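> With the sequence up front, the predicted model follows.
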Amino acid sequence: MTATTPAPITIALAQLPVSKAAVDDNLQTHLAYIERAAALKANVVAFPELSLTGYELALLSQLAMPRDDATFAALTAAAVANNTVVIAGCPLHNPNGKPYIAAVICFPNGEHTFYLKQHLHEGEDVYCAPGTESGLINVNGTRIALAVCADFTHSIHAATAAKQQADVYLASALISPGGYANDAELLATIAKRHQLPVLLANHVSNTGGWQTCGNSGGWNAAGELTVKASGTQPSLVLCRIHYGGISSSVEVMTNLHS
């Protein structure tokens, strides 16, 4: 019996300052992080939940982007230019009702698609609608399951990813200092239960009335935390995934300002 083993892949987790509703400014910061991540040989760069706008629920309807928004074109152009997959957080227009909390996924071949957050936190349903389809992308033979924040608090979400034979579970989130310990335990449990690396990209800015805690990082397939950014320092956390293990480094982004 033979099995195909994915080649090593490097996923960069972006901890970046985000300004309220300032999409153009936030886009420029995203582009700088993408360029630096690519220079550090990242195959994927992943940003936190609603990274392009900030976590501004009351503004989601007016900030919601159409699927052909120029912002997505700019991110896709960056994916092509840097030969890396880009995953960024955005509010997405829904022609049938409230907008979605989404992740736009931009590929080096010039295409882009979306994952829509399936499980909403209490109160989010006032402002947005849930998605219904799982997000699984294939990057150089590695199957990456996407989660947005509350998704990972529902065991069915990670279980579905495992059934789809995901090699990595990648969560974009907004986590506060008070919520980190519990959420970190949940992510470690997912890694250990399903025997796959779990990665977290979290905010560092105060956004939507929430103070956030950064600490973006990764758990290996044994559920061990193997890399974590230093608190809320703007950073790229580089996670090289191979055989369920994570070798890593952290690049502090001191040359950028918010």
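Perfect, thanks for sending it.
> was I right about residue 246 contacting residue 237?
No. Using CB atoms under 8 Å as the test, residue 246 is too far from residue 237 to be in contact (10.1 Å). For glycine as for every other residue, the C-beta is placed from the backbone atoms N, C-alpha and C.
> what touches both of these two?
218, 227 (CB atoms under 8 Å, 6 or more residues apart in numbering).
> which sections of the protein are below the confidence cut-off?
Within the chain, the stretches with pLDDT under 70 are 1-4, 255-258.
> how about the helices in it?
Ranges of helices in the chain, per DSSP state H, are 23-39, 60-63, 70-82, 155-163, 180-194.
> coming back round to it: so for residue 246 and residue 237, which sits in the more crowded spot?
Taking other CB atoms under 10 Å, residue 246 and residue 237 do not tie; residue 237 has more neighbours (27 against 24).
> Is the more buried one in contact with residue 33, as I believe?
No. Assessed by CB under 8 Å, residue 237 is found out of contact with residue 33, at 11.3 Å.
> Common neighbours of those two, please.
Between them, residue 237 and residue 33 share these contacting residues under CB under 8 Å, 6+ apart: residue 12.
> Against residue 223, how distant is the closest residue to residue 54 other than its chain neighbours?
Closest residue to residue 54 apart from its sequence neighbours, by CB to CB, 6 or more residues apart in numbering: residue 207 at 4.2 Å. Taking CB to CB, to the nearest Å as the measure, residue 207 falls 29 Å from residue 223.
> who's more crowded, those two?
More neighbours surround residue 207 than the other of residue 207 and residue 223, with 22 against 18 (other CB under 10 Å).
> check contacts around the closest residue to residue 206 other than its chain neighbours.
Of all residues not flanking residue 206 in the chain, residue 212 sits nearest, at 7.0 Å (CB to CB, 6+ apart). With contact taken as CB under 8 Å, 6+ apart, residue 212 is in contact with 174-177, 202-206, 232.
> In these, which residue is surrounded by the most others?
For the contacts of residue 212, the largest neighbour count, defined by other CB under 10 Å, is 31 neighbours, found at residue 203.
> can you give me the strands for the stretch 151-258 of the chain?
Counting by DSSP state E, counting those that start in this stretch, the stretch 151-258 of the chain has strands at residues 168-172, 198-201, 217-219, 225-228, 235-242, 245-252.
> now for the third one, which elements pack on it?
Strand 217-219 sits against helix 180-194, strand 198-201, strand 225-228, strand 235-242, strand 245-252, with contacts defined as 3 or more CB pairs under 8 Å, 6 or more residues apart in numbering; DSSP states H and E.
> Could you spell out the sheet neighbours of that strand, each with its direction?
Paired neighbours of strand 217-219 in the sheet (DSSP bridges): strand 198-201 (antiparallel), strand 225-228 (antiparallel).
> Return the most buried member of these.
Most buried of these by mean neighbour count (mean count of other CB atoms under 10 Å) is strand 198-201; its value is a mean of 29.
> Kind regards, and thank you for your time.
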